[in-house]
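Peer 1: sequence unknown, structure follows:
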């Protein structure tokens, strides 16, 4: 008995537990009910399955309060009848629980209460497979009542108890479907690369896919004033459940924003469920509710069990004994015997020990710019077409406009082109005995090449193949209805771009580099990076250019970095953001690059004297055209001769293949086979190699076309002119075939490689500027936007770190909430006054502001340093941006505004870069920002920048005889990635202030970045954004409600 105020001893309040026994005996339910009983005010009455299922409600035990909720096999209507008969206080009301079985009604109720949900539409069918006229499905979208949903989109059954949810991926990312389901063993989803069409056997909700960065949030309410949130690895990424050493799914408590807390309150009230779980999606600065589960408790959190018991106690006392005090006693009755919660080690990562962070310097930011992995050579075919079938195809896909070009990328479009091309390609190739002239022969060969490219690999993929049809000539013809004339194209230019596909070796390289970063880039974390990421203490964003090989490299890297499993397509869609304006294109520097190539051509072909820009032998890299061999003009004829030798051998192989194809030619429609299967391989196709075929999906015909084009473009015999811009392509093809097609034993290929490498080592770096000043000019134009974004990343990290330090200091001094908030606001104003650019960076970098507000809840975290937060930005791009960024970093001090300043790169590193011949596949530049917490906030040495780079996989395929590891990798068609090298002297100190000063003249200003989208309000006002979101991290000020998180 509990003795309450007034001295009365009253009977205990009877709590009826009318739920299925399986739920009663679950761990969380037992923990919370035992705590309620420990207060001494309640008597638990367990109904049991037999009573619930078999006995009439009139004979059910009488109680004051009722805990009743639906689970499989539960008679909800019977429980409603009991509640109507006895009228107990209901913790969760019964009638609204019917809503939870129908996702349509759940969304309707959420919208009724103004709770944000993803954009969605309903397809209702009376009978399975019923055709509904308002539903349209195309290759990359569905349309419902005129509302279009582009892939990726989500398909949910309307039945709330059916957990088979599908995500359909766009063809540009590889296509396919991922099925989500209730956890079975260690899996919660499965990827099906061959499935492209949606289901039709029932009624479904279609909704926009929300990219959440690979993490889902589950919210648990206990009454409208209390909500606990946990993050877990999302099943949409790789479907593997991350578990701790006890086999339990790893989840981490996170803080809800004020808006999300209001949403939790609204969900609780809308469904009249005091104890309620729901799923929250955090996407681009907004939060959405995508599912409401009803009665749910947190697992494995003793602190939560304490809170839930205290909140439920107050709720029950207020309902049935309001005269009694619901004040929480100073010592909770069960605290003495509370078990010690074990530490959570991630068994998949070994020990899971996070490390020690007591040292004065802590990592705050990691920025890496990374080149894509090993790829097939990039190819382009140009031919003029006059065939009516191809001209009609152009009109079909450009809306019938005779002067407009058409781009064909989708599987349907490419299949149409293949069908037309198959009908135009002659069954037998034109031989020398034909009366056709040379142009006709070349045209037929190019059509055959187009056909072969479209048939390559047995599947279409717009991510790697695209065709442009550009009208060149028109005539006027009478309209079909006889009324006047209309234009009709009679000639068009067809441009087919293909190749550049990430190879099995490229994927392996990217994945391995991701693992290397996980284990080596984050000091003290070790494999604990995964824990850092899961807890929202790791603010990760991955950007990629628009090129397929770059996107897939980013996805493979993310797989290694975060220890994911499965196919790349779901990882790509979930974790990688495309930003072509920042990571693609050379348009801004095209004029300067043409000037550099012209000067380069002059130096090579005429042996022109090189100009030494500095005059000091100490700086050999200051010479125009540095790196070119002195006998470059003599090497060119040798390059042509050896290229012809290799091409002739491949031609013989192609002729044999062509004759076999002519006899077994098939004109069937290609099945919609998915590139994801091809990309799923990280090992070579042993059977293909053993049968003497080229590696990958390239046949001999395409291999010959590749070499024939190089031979033709490298040297124009009629004009006796060399095209030095083809040197990198010859080198590219040589290296590819030495690595992937060494089994073909092409005579002279190794000699050709050596000559091509000598020339390419000089040509490629000089294409980005013939001397350091031109390299700086070109680099700043190509990388201007990327440099601006890097400065924004660093500034935002500093702003956040300063706010954290101020708040932490205030907390340590035990000052009142109002005092330290005021002090922090004053400090924030000082920061903004001292650097208007910093405020601009926070205002403008909307992407970053969207992410950093999500935080670990330190009260429930069970981690050593809940305030530790690391920002990681990964930028995947191509060779041009790696060269450009490096050139700005090492030559920025040559700008007239910065003369007299030391370079960001030390002299010894400049010498190493001068000797570095290539920034090869998977080369990277890493900037790490450290904070010295023992230095005053205003001291420039508070923030240190460390610069490192790697040459990537630049080992020659011919230079691995004495390297066992490299030789082994070569057997797998893979080259090792070189380790990182310092760009600064050991012990030197590059401050953030110096870094900003040296880079700012070449970077896009923060104010030139796109402004925050109209209508986006976020969770906090921008002026106090950093401060307010960080106040949530230390919520222990005295006037904060104890029962609200």
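Peer 2: Alright, I've got the coordinates. Since the structure is predicted, the reported quantities are computational estimates derived from the model, not experimental observations.

Peer 1: mind checking the backbone torsions on the nearest residue to residue 275 once chain neighbours are set aside?
Peer 2: Nearest residue to residue 275 in three dimensions, chain neighbours excluded: residue 295, at 5.2 Å (Cβ to Cβ, 6 or more residues apart in numbering). Bear in mind the C-beta positions are built from the backbone N, C-alpha and C, glycine included. With angles defined as degrees, to the nearest 10, residue 295 sits at phi -50, psi 120.

Peer 1: now swap in residue 503 and tell me
Peer 2: Backbone torsions of residue 503, given as degrees, to the nearest 10, read phi -80, psi 170.

Peer 1: what's it in contact with, if anything?
Peer 2: 373, 374, 375, 376, 695, 696, 740, 973 (Cβ atoms under 8 Å, 6 or more residues apart in numbering).

Peer 1: got any ranges where the stretch 151-300 of the chain has weak pLDDT?
Peer 2: Along the stretch 151-300 of the chain, the parts satisfying pLDDT under 70 run over 238-239, 243-248.

Peer 1: my read: the residue nearest to residue 275 touches residue 271, true?
Peer 2: No: the pair residue 295 and residue 271 does not pass the contact test of Cβ atoms under 8 Å, sitting 10.7 Å apart.

Peer 1: just to revisit the earlier point, give me the neighbour count for the residue nearest to residue 275.
Peer 2: 22 (other Cβ atoms under 10 Å).

Peer 1: can you check residue 257 too?
Peer 2: When neighbours are counted by other Cβ under 10 Å, residue 257 comes out with 20.

Peer 1: What's the end-to-end length of stretch 360-378?
Peer 2: The first residue of stretch 360-378 is 49 Å away from its last residue (Cα to Cα, to the nearest Å).

Peer 1: what does stretch 989-1002 give?
Peer 2: End-to-end for stretch 989-1002, by Cα to Cα: 22 Å.

Peer 1: Give me the nearest residue to residue 46, chain neighbours excluded.
Peer 2: residue 17 (4.9 Å).

Peer 1: Wait, that neighbour touches residue 67, no?
Peer 2: Yes: at 5.1 Å, residue 17 and residue 67 qualify as touching, with contact defined as Cβ under 8 Å.

Peer 1: Between those two, which has more neighbouring residues?
Peer 2: residue 67 (25 against 20).

Peer 1: So for the lengthiest helix in the chain, mean pLDDT?
Peer 2: Counting by DSSP state H, the longest helix found in the chain is helix 632-663. The average pLDDT within helix 632-663 is 86.

Peer 1: likewise stretch 105-118?
Peer 2: 97.

Peer 1: my read is residue 803 is in a helix, agree?
Peer 2: Yes: with DSSP: H, G, I helix; E, B strand; the rest coil as the criterion, residue 803 is assigned to a helix.

Peer 1: just checking, what packs against the helix or strand hosting residue 763?
Peer 2: Element membership for residue 763 (DSSP states H and E) is helix 749-767. The elements that helix 749-767 packs onto, with contact taken as 3 or more Cβ pairs under 8 Å, 6 or more residues apart in numbering; DSSP states H and E, are helix 590-606, helix 632-663, helix 727-740, helix 879-891.

Peer 1: Could you identify which of those helices is most buried?
Peer 2: Neighbour counts (mean count of other Cβ atoms under 10 Å) averaged over each of these peak at helix 879-891, with a mean of 25.

Peer 1: ok, residue 291 - how many residues close by?
Peer 2: Neighbours of residue 291 (other Cβ under 10 Å): 20.

Peer 1: how about the nearest residue to it once chain neighbours are set aside, what does it touch?
Peer 2: Sequence neighbours aside, residue 279 is the residue nearest to residue 291 in space, at 4.2 Å (criterion: Cβ to Cβ, 6+ apart). Residues near residue 279 by Cβ under 8 Å, 6+ apart: 216, 217, 218, 219, 289, 290, 291, 292, 293.

Peer 1: quick one on the thing from earlier: pLDDT and secondary structure added to the contacts of residue 503, as JSON lines?
Peer 2: What follows is those, written out as JSON lines (pLDDT from 0 to 100; DSSP: H, G, I helix; E, B strand; the rest coil):
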{"residue": "373", "pLDDT": "95", "secondary structure": "coil"}
{"residue": "374", "pLDDT": "94", "secondary structure": "coil"}
{"residue": "375", "pLDDT": "93", "secondary structure": "strand"}
{"residue": "376", "pLDDT": "92", "secondary structure": "coil"}
{"residue": "695", "pLDDT": "89", "secondary structure": "coil"}
{"residue": "696", "pLDDT": "84", "secondary structure": "coil"}
{"residue": "740", "pLDDT": "93", "secondary structure": "helix"}
{"residue": "973", "pLDDT": "87", "secondary structure": "coil"}
